[in-house]
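J.: Just a sequence and a predicted model for now, questions to come.
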Amino acid sequence: MTDASWPLYEVFVRGKRGLNHVHVGSLHAPDDEMALRNARDLYTRRNEGVSIWVVRADAITASSPDEKDPFFAPSGDKVYRHPTFYAIPDDVPHL
Amino acid sequence: MDLEREFERVVAAEHRVEPRDWMPDGYRKTLVRQIAQHAHSEIIGMQPEGNWIGRAPSLRRKAILLAKVQDEAGHGLYLYAAAETLGADRAELTRNLVEGRQKYSSIFNYPTLTFADVGVIGWLVDGAAICNQVPLCRTSYGPYARAMIRVCKEESFHQRQGYELLMTMMRGTPAQREMVQDAVDRWWWPSLMMFGPPDAESANTEQSMRWRIKRHTNDELRQRFVDMTVPQAERLGVTLPDPALAWNAERGHHDFGEIDWAEFWRVVKGDGPCNAERVAHRRQAHEDGAWVREAAAAYAAKKRERAV
Amino acid sequence: MDNAYEALADEGEEKHWAFGTGFTAALTGVDRALPAGVERADLVVYCLMLGDDALIHAQRLAEWCSRAPELEEDVALANIALDLLGQARLLLSRAAEVEDAGRDEDALAYLRDEREFRNVRLVEIDCGPGPGGDFATTIARLLVFSSWRLAVFQRLTASADPVLAAVAAKGIKELAYHRDHAAQWVLRLAGGTDYSRERMIAGLTQVWAYTDELFTTHPVETALGGVAVDPADVRAEVAEVLDTVLSAAELDRPEVTQVAALAGRAGRDGVHTQALGHLLAELQHVARSMPGAVW
């Protein structure tokens, strides 16, 4: 059985105005145009007014690219980005 | 080893494992197998209900059923996508399915004989699937958990449409009520089998629980399903075909009769009423579509060449 | 039933991904009175013509469910079938309402016989996945049908019947998508492999023999001036759309003899191909075999 499998695309959807595009999953398509259409059918059931990005999975550059890397540790020099850096007394409400 | 200890810590702390994280080989293999079987089940599961789309007896039911079967294709796709984050290749997984090397849920190896089966599948089969799947929304592997959240949201519509169809039919003619009872009689036991073998015989449960891939044992989920379903059956006015079914106040659960495990294993091993038919159907669609997939790939390649 | 499962899961995550399935009983607030000067029987027939086209085409497209060349395409074809089924329900409901004889959409879909169906023959023939065709034939039909119907619906938005106008306004967005989907596939099949090109040409040739009927004015369409669209008026426009797609795909317009009508009568008059009877046997079987049942 010959088989021409289609490349993998990652799909990002803006659910509504005011939100970022969010990664929702992936799909296969022969090319960019069909990927966009398939994404619309699959991930939004053609809900009007949303915005979709598709990008070939092999075009994405990611940090931690190989599996030898350990888990993402919070970068040591930027602990101030993490809320736990700030010692807050327990009796301060809603924080 | 550090990586392994870090993995164990993350899992034990109920954090999610993500695709590029280090993970033990066994964890990866178990997940690929489980997610692929789950995806295959969605895809094969299109067939028993798809059998009735052409004959659905009202236009509203036709639309609901078509949308439902379409959702199953969607669920299969979400799950294949999750499997691909682990390095599996969908084409390969599809080959495993059509060549009979990978399994899918045995429930789909039973035939759908009347339109009431559509309702009963929604109520019992999707109900059992939801019991199995909802805990997976918290499974340790991130992409699987996220796919399951989407799947579960859509499944609850499936179950409700099934129950609503049955309620409508039970309010209809005597022939319709008989049809519903007949479907319940045929699907009840296979639905209980959907939770898999008893815990004592379940090969993978213990390790999967430790890795937080599974969250509850087969028997726990089966009991939960029975407890949930009994009052629904009463409300519907159907009898569940198990004389041993009774409330046990001491346990706080329903007791129920012995499942025919010989039948379970027979169907799992390929000898159910529809095993061959389901796989042949999938294989046929896949083979018939090969020239279309090839054409689209060739077109894309030509376009890329021209663009250079 | 609502919350039976909540105890099993964390709630509150990603709520914005709960998608509806979207077949609402649209057209709320539209004036449903019979427009002045319109012959009731004519409007019923016209609604049946457009409604049956959509119903029968949806039935054919749904045959692909679990048989499409790829899972993504399974989802796409089901979406198109669902859109057409939605259009059919609105139009058959309108026919029933105007007829005012106690029938509803289901009585019209399930209890009429073959000779009472008003769809064009193009939508009823087997274009695959049955033995009568394949994916290319299905795409060829979808291209022709959606190009034609889109052109008709664009004009129908100005119909003197507010219900038809509203159905058309809702439908054109759907039909534009269907046409685009078909056109994308025509390009890929025609420009893919030698084999797929051959199949695409064969598919177009097969369905082209049923195209004249789409543009043949029916007496009801003449009688309903201002309410109905005269399909002869969209012939040039549709030809231009199809030529654009064909030329982008480097294909010639098929030169074929049209399938004959019977003494001038065809689908719009209830004179069909043999395929329709079999299609209806499947569609109507359960509904007819249990009289008095409720679904």
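T.: Looks like it came in fine.
J.: could you give the mean pLDDT of stretch C:139-157?
T.: Here stretch C:139-157 scores 98 as its mean pLDDT.
J.: Please read the previous query as pertaining to stretch B:168-187.
T.: Averaging pLDDT along stretch B:168-187 gives 98.
J.: Residue A:4 belongs to a strand?
T.: No: checked against DSSP: H, G, I helix; E, B strand; the rest coil, residue A:4 lies outside a strand; its state is coil.
J.: count of neighbours near residue B:307?
T.: Residues near residue B:307, counting by other C-beta atoms under 10 Å in any protein chain shown, number 6. In this view, the C-beta of every residue, glycine as well, is placed from N, C-alpha and C.
J.: where does it fall, phi/psi-wise?
T.: phi -70, psi -30 (degrees, to the nearest 10).
J.: Residue of chain A closest to chain C, please.
T.: Proximity of chain A to chain C (C-beta to the nearest C-beta) peaks at residue A:38, 4.2 Å away.
J.: and chain A, which residues reach chain C?
T.: Applying C-beta under 8 Å from any C-beta of the partner chain, we find that chain A lies next to chain C at A:6, A:15-16, A:19, A:24, A:27-30, A:33-34, A:37-38, A:41-42, A:44-48.
J.: List only buried entries from the residues you listed.
T.: Among those, those scoring as buried are A:6, A:15, A:24, A:27-30, A:33-34, A:37-38, A:41-42, A:44-46 (criterion: 16 or more other C-beta atoms under 10 Å in any protein chain shown).
J.: Out of those residues, name the ones that lie in helices.
T.: Judged by DSSP state H, these include A:33-34, A:37-38, A:41-42 as members of helices.
J.: got the contact list for the residue of chain A closest to chain C?
T.: By C-beta atoms under 8 Å, 6 or more residues apart in numbering or on different chains, residue A:38 lies in contact with A:27-29, C:72, C:75-76.
J.: which other residues reach stretch C:88-98?
T.: Residues from elsewhere that reach stretch C:88-98 (C-beta under 8 Å, 6+ apart): B:59-60, B:63, C:23, C:26-27, C:32, C:34, C:40, C:43-44, C:47-48, C:50-52, C:54-55, C:58, C:103-105, C:107-109, C:163-164, C:167, C:170.
J.: Quick one: mean pLDDT for stretch B:300-308?
T.: Averaging pLDDT along stretch B:300-308 yields 90.
J.: what angle separates the helix or strand hosting residue C:83 from helix A:32-43?
T.: In the assignment (DSSP states H and E), residue C:83 maps to helix C:71-99. Angle, helix C:71-99 to helix A:32-43, by axes from the mean of the first three to the mean of the last three C-alpha atoms, to 10 degrees: 60 degrees.
J.: just how off-centre is helix C:71-99 within its chain?
T.: Mean-position distance between helix C:71-99 and its chain equals 7 Å (C-alpha atoms, centre = their mean, to the nearest Å).
J.: list the buried ones in the next helix or strand after that helix?
T.: Counting by DSSP H and E, the element after helix C:71-99 in chain order, helix or strand, is helix C:105-110. Using 16+ other C-beta under 10 Å as the test for burial, helix C:105-110 gives C:105-106, C:108-110.
J.: Now render those residues as CSV, adding distance to residue B:262.
T.: Output for the buried residues of helix C:105-110, formatted as CSV (distance: C-beta to C-beta, whole Å):
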residue, distance to residue B:262
C:105, 48
C:106, 44
C:108, 50
C:109, 45
C:110, 43
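J.: and of those residues, the nearest to residue C:132?
T.: Ranked by distance to residue C:132 (C-beta to C-beta), the buried residues of helix C:105-110 are led by residue C:109 at 22.7 Å.
J.: show me what contacts the nearest residue in space to that closest one that is not next to it in sequence?
T.: Excluding the flanking residues, the one nearest residue C:109 by C-beta to C-beta, 6 or more residues apart in numbering or on different chains is residue B:59, at 5.6 Å. By C-beta under 8 Å, 6+ apart, the contact list for residue B:59 reads C:55, C:85, C:88-89, C:92, C:105-106, C:109.
J.: State the distance from residue C:42 to residue C:216.
T.: Residue C:42 is 17 Å from residue C:216, where distance means C-beta to C-beta, to the nearest Å.
J.: so which strand or helix has residue C:142?
T.: Residue C:142 belongs to helix C:135-156 when assigned by DSSP H and E.
J.: and after that helix, which helix or strand comes next?
T.: Next element after helix C:135-156 (DSSP H and E): helix C:162-190.
J.: Can that next one be said to contact chain A?
T.: Yes: residues of helix C:162-190 are located near chain A by C-beta under 8 Å from any C-beta, namely C:173, C:177, C:180-181, C:184, C:188.
J.: which one of these has the most neighbours?
T.: The most crowded member of the residues of helix C:162-190 next to chain A, judged by other C-beta under 10 Å, is residue C:188 (25 neighbours).
J.: from what I can see that residue touches residue A:37, true?
T.: No: using C-beta atoms under 8 Å, residue C:188 is not in contact with residue A:37; the gap is 11.6 Å.
J.: returning to that earlier point: could you work out the most separated pair of the residues of helix C:162-190 next to chain A?
T.: Largest separation among the residues of helix C:162-190 next to chain A by C-beta to C-beta: C:173 and C:188, giving 23.5 Å.
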